[in-house]
Each structure stands twice: as C-alpha cells, then as structure tokens.
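Student: output the structure for:
(2 chains)
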Amino acid sequence: MQEPSDQLPSDKGITPSQTVGPYFKYGLTPGSQYDWNDAFGNNLVTPDTTGERIRIEGRVFDGDGQVVPDCMLEIWQADAQGRFSDPQDKRALPNSSFKGFGRIGTDANGGYAFDTIKPGSMPDPDGKPQAPHILLAVFARGMLLHLYTRIYLDGEAGNAADPVLALVPADRRATLIAERQPGNAGAVYRLDIHLQGDNETVFFEV
Amino acid sequence: MTLSYPIESLTAHPPRLSPGYKSTVKRSPSKPLIIMRHTLSELTGPVYGHETVRENDSDLTTQHKGEPLGERIIVHGHVFDEDGRGVPNTLLEIWQANACGRYVHVVDQHPAPLDPNFTGAGRAQTDAQGYYKFVTVKPGAYPWGNHHNAWRPAHIHFSVFGPAFISRLVTQMYFPGDPLFEFDPIFNSVTDEKARFRMVSSFDLENTRPEWALCYRFNIVLRGRGATPMETK
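Tutor: Numbers count the residues shown, from 1 in each chain, chains lettered A, B, ... in the order given. Predicted coordinates:
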C-alpha cells in the first residue's frame, strides 16, 4: 500500500536528534551476542579492494577520563584513489565493492578498531587537496546528538597543507591525528577519542 | 541532485549539554565545535540497497516461531528532506522495548518479562517516494535511573541515513498523548516545542487494518535543501 506524500509537517524544520541510548547493540552494531545485525561491521575491506590496508584503533573516554563502553562509532571514507562510493561523487566511480562505511560498538574497555584502507587525497571545494582523512561520527548514551570529527594519519605529507586541519588551533590538532604504531604487523594507527576535558577531541559543527 | 546542508537547521536539535539528562554532563564537549565548509566527505554518504534489507526485516512480529505479546501496530510514514521531497531508497533501522517495557539487551535489568517471540529490531528501506512501513508491537514505558521514579515514555528508536554522512539522524519516535512527556528529560531536551512534537507520531485511523492492527504515522525530516546555484562562498 502506497501513501501519497501529502503529510509534510506543517511547521518547517528537521526532526530533532535523540540519544542512541544504552540498548542499541542488538539493533545496530555487529559483533555482539545478538545475531540480528549483520549489515554493518568494522572491516571495510572487500576482496577486490585496492589500497594500503590499515587498522585504526583506540578507546573512547568521557570528561572524567572514564572509558565509554556503550559508544557507537561510524566511519565514512573515500577509497584509495580518493573517490566515494556514492553516485553524488560525480568525478569517477570506485572500481571495487569498497563501500567506505563502517560501524562498531565500543567494548567493555571503551575500545574500538576498524580494518580499512588508507583513503586517497581529494579536493576541497576550492580544488585544494585535502590530506587523507576518515570521517568519524560518535554516538552514545548521554549524547543527545552525535558528534563529528575527522581522523587524519600520522606522517602524511598532505597534513601540513590540509585546509580543514588549518582551521584547528595548532595545539589541538594532535587530537585528530592517529599515531602510527611501531611493529611489523601491518599499518596500525591509534587514536583515542576524548568527549570532554583537557585532551578533548576536536569536533566539527557540520 | 546535490543538496546543501545549512547548519542553521541544526537549531532543532537538543543542546548536547542538557543537565536534566545527567549522562550528558560528562559526555558533551566543553570546547567550541569548529565550523567548516562541507567537502565531498561530508556531502556524500553510504548507499545501501536491497541486499541490506531482507523481505521480513520490517515486520518485527514475524521474526520468531510465535507471535509476540502486546498491541500489534503499523508504524509508517515518509522520510523527507527540508524541501519536502521524499528521500528515496534510504535505510531505516529501528529498535525498541517489548510490550512490557523490556529490551532484549543484556544490560537491561528492568524486572519485566522478556518475550521469546520478540527481539525488537527491524530494518526497512524507503521506496522511490520516501515511504516506509514497519509492523511491530507497541513498546511499554520503562523505568531508568536518571532521577527518582524516572520513566521513559514509550518510544521506538530510529536510525536513518539520508543522502549524506551529515544527514545522518538517530532519534526516537514517541506516541501521541503520553502522560510521561512532561517528566522526561530526554524528550524535553529539545527546547523548542514545535520541534519536540515533530518526534511524536500521529494516530492514523485511516490506515489501521480493521480486526488486525492500529496505525501510527511518523514522518521524518532530514537535513538537506535544494542547492542554490548562485551561492558563493
């Protein structure tokens, strides 16, 4: 049964956000004891995905420095050539089944990890190159509206000239840059998220 | 069509620090957010198609051997953008308590019975006009620890994608006339009354199914307006 779209609310405005609450796990995130949600995961790499494999991991903390074990994180990123798996990106379509979206719930220690590929550089609205970056959205009980931040990668030549990083006060930029971890188990980057406090992560009003 | 996403629209949202809802006190940023121009990263978003939504994912009453207890309801409506256009082929995810006000989630210790025939999670995709429909049971109210004798009004959690990563919305759908509205700090965190009542579904007698289920309509308006061609930065 199809309904006519005649029911736009009479007052203008968007539907307000509400917290994801403490009970989202069986509905939204993978890897829990619930077998319902297999649609999303924290491994974005498909068999035909090209690019450098990376892992991004870290923990989420609140304003008291306590870990946040009931947080949901979502990421959105371009492929290794800097293209998005979305027809709205008119430049070129990705050549693989890489979707660029991932989701995970934090564990009991506030920990998270995503297995993905290093995204390519892409232009900003003026055509200036943006350094490789991954968008991160943070949801949790106690958060009435999710927060957006960006994950940049330690050691990328493009970071110094990145137009978005340039908007961030120099002494807070490190909160956006995942640190390359030593070792030979592949490229592992670490970034902790601090929702509040002295080390507060830079969040963007987008 | 490429949409634009003016940040003025965000004023409908609750302030992140809403002390009446105690958990916001340590989970909201204390430093100002940084305003930036949207780039391709913000203006694009994941596209999920029919492979993500199975045939019966939108009917929460048929996921188990038997039927769940409670009042069977239809919840349907449209997902619109700010210009009133339907948002086609977008993914909605819902989760909710059962008719007794109990979530399947292991953390939920409310001493109300679980229902072996009800998980309380569903998915649907809007059609070409932005229309969606779920069949479920009406969730119960339940107590929570925010303050003395705190009860959440009955609600269904909604997660919606929309056309861009910044059109993403997680919200809660409430039921009309709930006596708990005035006591709930989460509902009242939305300070503008008109905006607040956009989260309340309407009773839809016309689309009830006689002898079978009552119906509620819940329209969702996501960010996104027709881009103005002459806009200059």
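
Student: host element of the residue sitting nearest the centre point of chain B?
Tutor: By CA atoms, centre = their mean, chain B has its centre lying nearest to B:F158, at 2.6 Å. Element membership of B:F158 [criterion: DSSP states H and E] is strand B:155-160.

Student: other SSEs contacting that strand?
Tutor: Secondary-structure packing of strand B:155-160 (3 or more CB pairs under 8 Å, 6 or more residues apart in numbering or on different chains; DSSP states H and E): helix A:25-28, strand B:91-96, strand B:169-174. Every C-beta, even on glycine, is put in place using the N, C-alpha and C of the backbone.

Student: count the neighbours of the residue nearest to A:S96 when sequence neighbours are not counted for me.
Tutor: Of all residues beyond its chain neighbours, the one nearest A:S96 is A:D48 (4.4 Å), with distances taken as CB to CB, 6 or more residues apart in numbering or on different chains. Residues lying near A:D48 (other CB atoms under 10 Å in any protein chain shown) number 9.

Student: hang on, isn't A:D48 packed against A:K99?
Tutor: No: checked against CB atoms under 8 Å, the pair A:D48 and A:K99 is beyond contact range at 11.9 Å.

Student: okay, and the common contacts of those two?
Tutor: In terms of CB atoms under 8 Å, 6 or more residues apart in numbering or on different chains, A:D48 and A:K99 are not both contacted by any residue.

Student: now do the strands in chain A.
Tutor: A:53-61, A:71-76, A:101-105, A:111-117, A:122-123, A:129-130, A:133-140, A:147-153, A:177-180, A:187-190, A:193-194, A:204-205 (DSSP state E).

Student: in TSV, list those strands along with mean pLDDT.
Tutor: Formatted as TSV, those follow (pLDDT from 0 to 100):
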stretch	mean pLDDT
strand A:53-61	97
strand A:71-76	98
strand A:101-105	95
strand A:111-117	97
strand A:122-123	95
strand A:129-130	97
strand A:133-140	98
strand A:147-153	98
strand A:177-180	97
strand A:187-190	96
strand A:193-194	98
strand A:204-205	98
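
Student: can you put those in CSV and add mean neighbour count and distance to B:A164?
Tutor: What follows is those, written out as CSV (neighbours: other CB atoms under 10 Å in any protein chain shown; distance: least, CB to CB, whole Å):
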stretch, mean neighbour count, distance to B:A164
strand A:53-61, 20, 22
strand A:71-76, 25, 9
strand A:101-105, 22, 12
strand A:111-117, 21, 20
strand A:122-123, 18, 15
strand A:129-130, 20, 17
strand A:133-140, 24, 10
strand A:147-153, 22, 12
strand A:177-180, 18, 24
strand A:187-190, 17, 25
strand A:193-194, 22, 22
strand A:204-205, 16, 14
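
Student: any chance of those strands in a markdown table, plus distance to chain B?
Tutor: As requested, the strands of chain A are exported to a markdown table (distance: least, CB to the nearest CB, whole Å):
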| stretch | distance to chain B |
| --- | --- |
| strand A:53-61 | 10 |
| strand A:71-76 | 4 |
| strand A:101-105 | 4 |
| strand A:111-117 | 13 |
| strand A:122-123 | 6 |
| strand A:129-130 | 6 |
| strand A:133-140 | 5 |
| strand A:147-153 | 7 |
| strand A:177-180 | 15 |
| strand A:187-190 | 18 |
| strand A:193-194 | 9 |
| strand A:204-205 | 4 |
